[in-house]
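Enquirer: Let's see this in three dimensions:
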Amino acid sequence: MRALSVATIAPARRVRGRLSVPGDKSISHRYALLAALAEGTSCVQNYAPGADCQSSLACVRALGADVQTTSEGRVTLLGRGIAGWRSPTGPLDAGNSGTTMRLLAGLLAGQSFSATMIGDASLSRRPMRRVIEPLTRMGARIDAVAGHAPLTVHGGPLRAIDHVSTVPSAQVKSAVLLAGLLAEGTTRVTEPTQTRDHTERALPAFGLTVGVDDLTVSVASGQRALPQSLVVPGDFSSAAFWMVAAAALPGSRIEIEDVGLNPTRTGLLDVLKRFGARVEVHETSSSGGEPRGIILVEADRTNHIEIAPDEVPGLIDELPAIAALAAYGGEVSVRGAAELRVKETDRIAALVAGFRALGIDADEREDGFVIRGAGAPAGGVADAQGDHRMAMAFAIAALGARGESRIAGADAVVISYPGFFDTLSRLVA
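Expert: Residues are numbered from 1 along each chain as shown. Here you go, the predicted model:
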């Protein structure tokens, strides 16, 4: 087993600067899959550089798409059409990417062949029953190991369903909708609350019709995806860590350019305002139905923050960053976030353990956590436990410590933000 990297974080007085962040992970996944469904050549610029999105490219390549990439984040993808995928010669490796595995399961369900999807140890522990169940109702046969990967999807004729989700999940919603493109009839998904709507925006971007009626989304079969040229906006969830640092450290000012402003993703901006930060947002353009623009965050004062259960679906990826707000004073309390326990790691347990290791008062709840700041923490050694968002959250929290801190397993950031620590060193003062 290779040794994990350790990042040393020195205390910082403030963070200042202007930057851009890598392409959005969620959008990049969807563009890769839909481009592979299209018949012809698509070009995607600013494709996310992290390992998760590279897993999606590797999988569609194994299914017959011709994929060319450049170091500047440009991906050219020759799709084979909605019925032109070929049977892979070996397992499709999703790596650490739950999005790849769940969304691809929906598309494989309607194929004329069987395919096995595997993942790393973390992905193999994550629950897949919520996506297996509706796809099975549509007519797919999926073999799993106690509801976990590896998954073998035996494709075949599908029938449309009306699926009512009991737990909000953009990945499950997307998997069912993508399967609906290959099913007979009109497939509908109804959620208990709004989740990120990147799939609903990506489908029309590739010439596909999607219906949206409040919390119900529908697609009809018999549609053809058209090749496109699209630009992925900067990843809001990656930008969240810089926004939190700027909101929490006195004298800080961060300006983030060309970042995605999808309204189902930007709940953090309201949280930062409630915390006491000054926040400005300027929308500048849109591509593929995804708005983008500039976000400016400046520190002002600190406050107590409570995240209620109805806010969680729109903040699920930003909660580790939000927790770091409390490292500098104030308190962050989160309820209704049990979903965090089945992410790349048990993020509730990992957050609390890591914050305590840095000298920050933290307690677990069954469905959340409480982080209490009491002046500058002492610093220490926090273990990211193989989770990219843990590594970044601990690094941001450690900026406010009295002494140096170390983040074990810091190399996990390659999953979503390979240049994170380089950018951090540039912004601190």
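
Enquirer: now the helices: where do they sit in the stretch 251-400 of the chain?
Expert: Here the stretch 251-400 of the chain has its helices, by DSSP state H, counting those that start in this stretch, at 267-275, 319-323, 347-357, 388-398.

Enquirer: Quick check: mean pLDDT of the first one?
Expert: For helix 267-275, mean pLDDT rounds to 96.

Enquirer: Pull out the buried residues from stretch 61-71.
Expert: For stretch 61-71, the buried set under the neighbour-count rule, 16 or more other CB atoms under 10 Å, comprises 61-65, 67. The way it works is simple: take the backbone N, C-alpha and C, and place the C-beta from them, glycine included.

Enquirer: Let's see which of these end up in strands.
Expert: Secondary structure from DSSP state E places residue 67 of the buried residues of stretch 61-71 in strands.

Enquirer: Okay, now the unreliable bits of the stretch 1-150 of the chain?
Expert: Low-confidence segments of the stretch 1-150 of the chain, defined by pLDDT under 70: 1-4.

Enquirer: in it, which spans are helices?
Expert: Ranges of helices in the stretch 1-150 of the chain, per DSSP H, counting those that start in this stretch, are 25-37, 51-62, 98-108, 129-137.

Enquirer: From residue 86, how far off is residue 137?
Expert: Taking CB to CB, to the nearest Å as the measure, residue 137 falls 27 Å from residue 86.

Enquirer: Oops, could you answer that again for residue 65 instead?
Expert: Using CB to CB, we find residue 65 at a distance of 10 Å from residue 86.

Enquirer: list residues touching both of the two?
Expert: residue 80 (CB atoms under 8 Å, 6 or more residues apart in numbering).

Enquirer: ok, what's across the strand from the nearest residue to residue 283 once chain neighbours are set aside?
Expert: Closest residue in space to residue 283, ignoring its immediate chain neighbours: residue 293 at 4.0 Å, by CB to CB, 6 or more residues apart in numbering. Counting by DSSP bridges, residue 293 forms beta bridges with residue 259, residue 283.

Enquirer: residues contacting residue 293?
Expert: Per CB under 8 Å, 6+ apart, neighbours of residue 293: 258-259, 261, 281-285.

Enquirer: change it to 6 Å
Expert: By CB atoms under 6 Å, 6 or more residues apart in numbering, residue 293 lies in contact with 261, 282-284.

Enquirer: can you check residue 12 too?
Expert: 399, 428.

Enquirer: do residue 138 as well
Expert: Counting by CB under 6 Å, 6+ apart, residue 138 makes contact with 158-159, 161, 179, 183.

Enquirer: you'd agree residue 239 is up against residue 256?
Expert: Yes. Look at residue 239 against residue 256 with CB atoms under 6 Å: they come within range, at 4.8 Å.

Enquirer: Neighbour count for the two, which is higher?
Expert: Between residue 239 and residue 256, counted using other CB atoms under 10 Å, the more crowded position is residue 239 (26 against 23).

Enquirer: Run the angle between the helix or strand containing residue 239 and helix 267-275 for me.
Expert: Assigning secondary structure by DSSP states H and E places residue 239 in helix 236-248. For helix 236-248 against helix 267-275, the angle by axes from the mean of the first three to the mean of the last three CA atoms, to 10 degrees is 10 degrees.

Enquirer: ok, and what's touching helix 236-248?
Expert: The contact list for helix 236-248 (CB under 6 Å, 6+ apart) reads 15, 21-22, 252, 254, 256, 259-260, 265, 268, 272, 275, 277, 297, 299, 317-318, 321, 324-325, 328, 392, 396, 417.

Enquirer: ok, residue 60 to residue 226 distance?
Expert: 17 Å.

Enquirer: Those two - which one has more neighbours?
Expert: Neighbour totals were compared for residue 60 and residue 226, and residue 60 leads with 25 against 16 (other CB under 10 Å).

Enquirer: how near is the more buried one to residue 282?
Expert: Taken as CB to CB, the span from residue 60 to residue 282 is 35 Å.

Enquirer: pretty sure residue 37 contacts residue 82?
Expert: Yes. Applying CB under 6 Å, one finds residue 37 in contact with residue 82, separated by 5.1 Å.

Enquirer: neighbour count winner among those two?
Expert: Per other CB under 10 Å, whichever of residue 37 and residue 82 has more neighbours is residue 37, with 27 against 21.

Enquirer: give me every residue that touches residue 280.
Expert: Contact partners of residue 280, counting by CB under 6 Å, 6+ apart, are residue 296.

Enquirer: again, only this time at 10 Å
Expert: Contact analysis of residue 280 by CB atoms under 10 Å, 6 or more residues apart in numbering lists 255, 269, 294-298.

Enquirer: which one of the residues you listed is nearest residue 344?
Expert: Nearest to residue 344 out of the contacts of residue 280 is residue 269 (CB to CB; 24.7 Å).

Enquirer: how many neighbours does the closest one have?
Expert: By the measure other CB under 10 Å, the count of residues near residue 269 is 19.

Enquirer: excluding its backbone neighbours, what's nearest it?
Expert: Take residue 269 and drop its neighbours on the chain: the residue closest to it by CB to CB, 6+ apart is residue 279, 5.5 Å away.

Enquirer: give me the number of residues near the one you found?
Expert: Counted by other CB under 10 Å, the residues lying close to residue 279 total 19.

Enquirer: quick revisit: any idea which of the helices of the stretch 251-400 of the chain is most buried?
Expert: helix 388-398 (a mean of 29; mean count of other CB atoms under 10 Å).

Enquirer: Contacts only, for the residue nearest to residue 102 when sequence neighbours are not counted.
Expert: Nearest residue to residue 102, sequence neighbours excluded (CB to CB, 6+ apart): residue 171, at 4.3 Å. The contact partners of residue 171, taken as CB under 10 Å, 6+ apart, are 26, 29, 98-103, 105-106, 130-131, 195-196, 199.

Enquirer: In three-state terms, how would residue 171 be classified?
Expert: Secondary structure, DSSP: H, G, I helix; E, B strand; the rest coil: residue 171 is helix.

Enquirer: How much space separates it from residue 161?
Expert: Distance of residue 171 to residue 161, computed by CB to CB: 17 Å.

Enquirer: same thing with residue 374?
Expert: Going from residue 374 to residue 161 by CB to CB gives 52 Å.
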